[in-house]
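**Q** here's my sequence, what's the structure:
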Amino acid sequence: MIKIKKLHHSAYRCKNSEQTRRFYVDFLNLQLTKAFIIKVTKSGRKTNVLHTFYTLKDGSSIAFFEDPSTFFEFKDQRDFDLHIAFEVDPRDLSFFFHKGKSLGVETRGIIDHGFIKSIYFRDPNGYVIELSSPVSRVKKQTEAQINKIFSDWKNTKPKNFYS
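**A** As a prediction, this is how the structure comes out:
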């Protein structure tokens, strides 16, 4: 039985809170709903961090920490390494695709993955942001189908780089 209700927020580092705000508020139209400065952590460590929350329609949020005095290796993420996907209505894919292109935001898509259609952007921190719209014709996978895919993968996957 699943007891977890929903995603409350997912948090990431950001380079610059104002650039991040412009992308998530001005470009993606999310609402900045909370911002606060952390001077001392709950464990008593002194710090100086800005924490911001951008809320989605379902009440969940994406959050960021700007911590300029602590090193963090910002790099452009590869889609398979890290991306953040938000759901939109089908008609909004085209709107955001053209908006991204017109504003010079790195934009890829519209890509039909079979179960969703997606467009991809890169935010000011190097994170890949996916906007996706579910395709209604897709049937839900059964537990047996999922288990077979895992079994096939286990038997055919390339040698593990980390072994």
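**Q** output the lowest-mean-pLDDT helix or strand in the chain as PDB, nothing but the C-alphas.
**A** Ranking every helix and strand in the chain by mean pLDDT, DSSP states H and E puts helix 143-156 at the bottom, with a mean of 85. What follows is helix 143-156, C-alpha atoms only, in PDB (Å, rounded to 0.1, in the frame of the first residue of the first chain):
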ATOM      1  CA  GLU A 143       3.300  -5.900 -13.500                       C
ATOM      2  CA  ALA A 144       4.200  -9.000 -15.500                       C
ATOM      3  CA  GLN A 145       5.200  -6.900 -18.500                       C
ATOM      4  CA  ILE A 146       7.400  -4.700 -16.300                       C
ATOM      5  CA  ASN A 147       9.000  -7.700 -14.700                       C
ATOM      6  CA  LYS A 148       9.800  -9.200 -18.100                       C
ATOM      7  CA  ILE A 149      11.500  -5.900 -19.200                       C
ATOM      8  CA  PHE A 150      13.600  -6.000 -16.000                       C
ATOM      9  CA  SER A 151      14.500  -9.600 -16.600                       C
ATOM     10  CA  ASP A 152      15.400  -9.000 -20.300                       C
ATOM     11  CA  TRP A 153      17.500  -6.000 -19.200                       C
ATOM     12  CA  LYS A 154      19.300  -8.000 -16.500                       C
ATOM     13  CA  ASN A 155      20.200 -10.600 -19.100                       C
ATOM     14  CA  THR A 156      21.300  -8.300 -21.900                       C
END
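**Q** any low-confidence regions in the protein?
**A** 161-163 (pLDDT under 70).
**Q** nearest residue to the middle of it?
**A** I84 (1.6 Å; Cα atoms, centre = their mean).
**Q** what residue, apart from its backbone neighbours, is nearest that one spatially?
**A** Computed as Cβ to Cβ, 6 or more residues apart in numbering, the closest residue to I84 that is not its neighbour in sequence is I129, at 5.5 Å. In this view, the C-beta of every residue, glycine as well, is placed from N, C-alpha and C.
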